[in-house]
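Engineer: Okay, here's the prediction I keep looking at, along with the sequence it came from:
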Amino acid sequence: MKNFALVQTIGSAILLVYTIVLWGLPIAPAMVVFDVITNHFLTDEKYINYIIYSLTIGVCFMVYILSLLFMSGMTQRIIHVRIPADKDKIVDKLESWTTVRWAVCAHLHRCTHPVLVHTIPSPICNAYYRLAGARIGKGVQINSINLNDPSVISIEDKVVIGGRSVINGHLVEKGQLILARVSLKKGCLIGAGTTIQPGVTVGEGAVIATNGLVGKWKNIPAGEVWAGLPVKLLKESSDRNSQKDE
């Protein structure tokens, strides 16, 4: 891309403005809810009104959280980089529109962190990741705000992702941006604090132990237990094997 530095500068300014909109606009529906509740439920008793105001602020904060997550997730869904169905990764120059789109989505996801943390684990968290492009099955429990690049992440039924886990779908090598699919198969367990790199597949019923590091392009076979930095085979059979068909 020609004049990438200029594009980056102008884009950063535009993104700053959109960040203000992203953080500020969700306040509007919260204010509407505040007016509706206080107009209908305030009384002549001062101390009862204190309780009403307090509960109303709590409700408004939840409305703000939902609105911000929806707005961020929808924006990411529109602009995220799509990997063709017949490919497992895409590679582009670092100075490209692919990088711009990826960087914007990464920034928007980070903007959700202050509120996303209050929704894990819950259907709200899962709905946000789905909206941002992740494929998530049934009975999935996500305890992390660090599922980066959700558009390349596929999570099958009954997967558990531990707290503080980081899943990356991107890397930068030799002046190129690489986006690669990450696939977590049915019933696998990702321990707390685990880091998973691009191109990884964790097999059905497999376990990655706490604080493990799964390097790029690694394929963890079904039903096995892996641990360490980087992960190595610990056990050939996990207890989750007997649970995967339940």
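Structural biologist: It's in.
Engineer: Please work out how many residues are found near Val115.
Structural biologist: Using other CB atoms under 10 Å, Val115 has 22 other residues around it. Just so you know, the C-beta spots here come from the backbone N, C-alpha and C atoms, and that holds for glycine as well.
Engineer: Surely it is in contact with Leu69?
Structural biologist: Yes. Contact criterion CB atoms under 8 Å: Val115 and Leu69 qualify, at 6.7 Å.
Engineer: Helices of the chain, start to end?
Structural biologist: Remark: helices assigned in the chain by DSSP state H are 4-24, 27-41, 46-79, 97-116, 123-131.
Engineer: With mean pLDDT and distance to Ile196 as extra columns, can I get those in a markdown table?
Structural biologist: Formatted as a markdown table, those follow (pLDDT from 0 to 100; distance: least, CB to CB, whole Å):
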| stretch | mean pLDDT | distance to Ile196 |
| --- | --- | --- |
| helix 4-24 | 90 | 27 |
| helix 27-41 | 96 | 35 |
| helix 46-79 | 96 | 20 |
| helix 97-116 | 95 | 16 |
| helix 123-131 | 97 | 15 |
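Engineer: quick one: contacts for the residue nearest the centre of the chain?
Structural biologist: The residue lying closest to the centre of the chain (CA atoms, centre = their mean) is Leu147, at 3.9 Å. Applying CB atoms under 8 Å, 6 or more residues apart in numbering to Leu147 gives the contacts Tyr129, Ala134, Ile153, Ile161, Ile167.
Engineer: ok, 7 Å please
Structural biologist: Residues near Leu147 by CB atoms under 7 Å, 6 or more residues apart in numbering: Tyr129, Ala134, Ile153, Ile167.
Engineer: Of these, which belong to strands?
Structural biologist: Under the assignment DSSP state E, these contribute Ile153, Ile167 to strands.
Engineer: Go through the contacts of Leu147 and give me the one with the most neighbours.
Structural biologist: Ranked by neighbours (other CB under 10 Å), those are led by Ile167, which has 26 neighbours.
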